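In: Fold the following and give me the result.
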Amino acid sequence: MSDKTIQPWVKTTLEMGPVILFFIFYSKLKNNEYVLLGETYEGFIVATALFIPVLLIATAILYFLTGKLSKMQVFTAVLVVVFGGLGIWFNDEKFFKMKPTMIYLLFGGILGFGLFKGQSYLQVVMDGALPMSRDGWMILTKRFMYFFFGLALANEIIWRSLSTDIWVNFKTFGLPLAMFVFFITQAKVISKYSTEND
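Out: Model (predicted):
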């Protein structure tokens with residue numbers, strides 16, 4: 001299937017929509033318990049069970065519209081199914097709460113491995129979206145690596161020490177906001193090492 005271009009708002013909706021729906025599911029179900037096949041499930045687990053197919057459907061639609069999925073999108077979908085499935089199977093919410101930690105640790109680790117080899121895997125992933133010199137890419141990659149490790153640590157601290165309500169808000173709003181702010185703060189590096197006008 002050839003690559004296609006879609007409107008940015010459509011892509012954003014398909015990527016962020018499932019997360020917003022998870023927040024809505026959890027908000028509506030969190031104070032209740034549900035019995036299925038003799039097993040009692042809390043609202044968080046039920047919200048997780050609803051979130052998994054929603055994410056997979058959104059990912060499938062994105063692939064249908066664009067003809068491609070990034071490695072990050074595929075990996076995220078796989079981890080959602082694995083950790084969400086484990087959480088449902090064992091009726092234990094900690095598996096799903098650990099998913100962001102695993103994602104960010106792996107992303108940070110991959111970037112760190114590339115830096116160790118003297119390469120910027122971030123440049124490869126972004127596929128030339130930002131025209132920058134090699135030095136700029138190496139600096140940006142190092143910052144992303146530390147940022148991902150920081151997010152992994154923050155997720156662990158929050159889900160292990162604070163309430164589920166706080167963790168859901170952190171995952172739904174805190175993580176995207178942190179990512180947005182981080183991107184904004186990198187504008188100086190991107191501008192300094194830009195090769196767009198070379």
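In: Contacts for stretch 147-161 next, please.
Out: Here stretch 147-161 makes contact (Cβ atoms under 8 Å, 6 or more residues apart in numbering) with 94, 97-98, 100-101, 104-105, 107-108, 111, 166-167, 170-171, 175, 178, 182. Placement of C-beta: from N, CA and C, glycine included.
In: Repeat the analysis, applying 10 Å as the threshold.
Out: 93-94, 96-112, 166-171, 174-175, 178-179, 182-183, 185-186 (Cβ atoms under 10 Å, 6 or more residues apart in numbering).
In: So which elements touch the helix or strand bottoming out on mean pLDDT in the chain?
Out: Each helix and strand of the chain was given a mean pLDDT (mean pLDDT, DSSP states H and E); the minimum falls on helix 121-126 at a mean of 84. Judged by 3 or more Cβ pairs under 10 Å, 6 or more residues apart in numbering; DSSP states H and E, helix 121-126 is in contact with helix 71-89, helix 94-116, helix 134-161.
In: Could you work out which of the ones you listed reaches nearest to Gln123?
Out: Across the helices and strands packed on helix 121-126, Gln123 has its closest neighbour in helix 134-161 (4.4 Å, Cβ to Cβ).
In: Okay, buried residues for the closest one please.
Out: By 16 or more other Cβ atoms under 10 Å, the buried positions in helix 134-161 come out as 136-141, 143-145, 147-149, 151-152, 154-156, 158-159.
In: now stretch 169-189, how far from the centre of its chain.
Out: 12 Å (Cα atoms, centre = their mean, to the nearest Å).
In: My error: substitute stretch 151-160 in the last question.
Out: 14 Å.
In: Would you mind checking the average pLDDT for that stretch?
Out: Across stretch 151-160, pLDDT averages out at 97.
In: In PDB, list the C-alpha atoms belonging to it.
Out: Extracted as PDB, the C-alpha positions of stretch 151-160 are listed here (Å, rounded to 0.1, in the frame of the first residue of the first chain):
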ATOM      1  CA  LEU A 151       9.400  10.000  32.000                       C
ATOM      2  CA  ALA A 152       9.900   6.400  32.900                       C
ATOM      3  CA  LEU A 153      11.100   7.400  36.300                       C
ATOM      4  CA  ALA A 154       8.200   9.800  36.800                       C
ATOM      5  CA  ASN A 155       5.700   7.100  35.800                       C
ATOM      6  CA  GLU A 156       7.100   4.600  38.300                       C
ATOM      7  CA  ILE A 157       7.100   7.200  41.100                       C
ATOM      8  CA  ILE A 158       3.500   8.300  40.400                       C
ATOM      9  CA  TRP A 159       1.800   4.900  39.900                       C
ATOM     10  CA  ARG A 160       3.600   3.300  42.900                       C
END
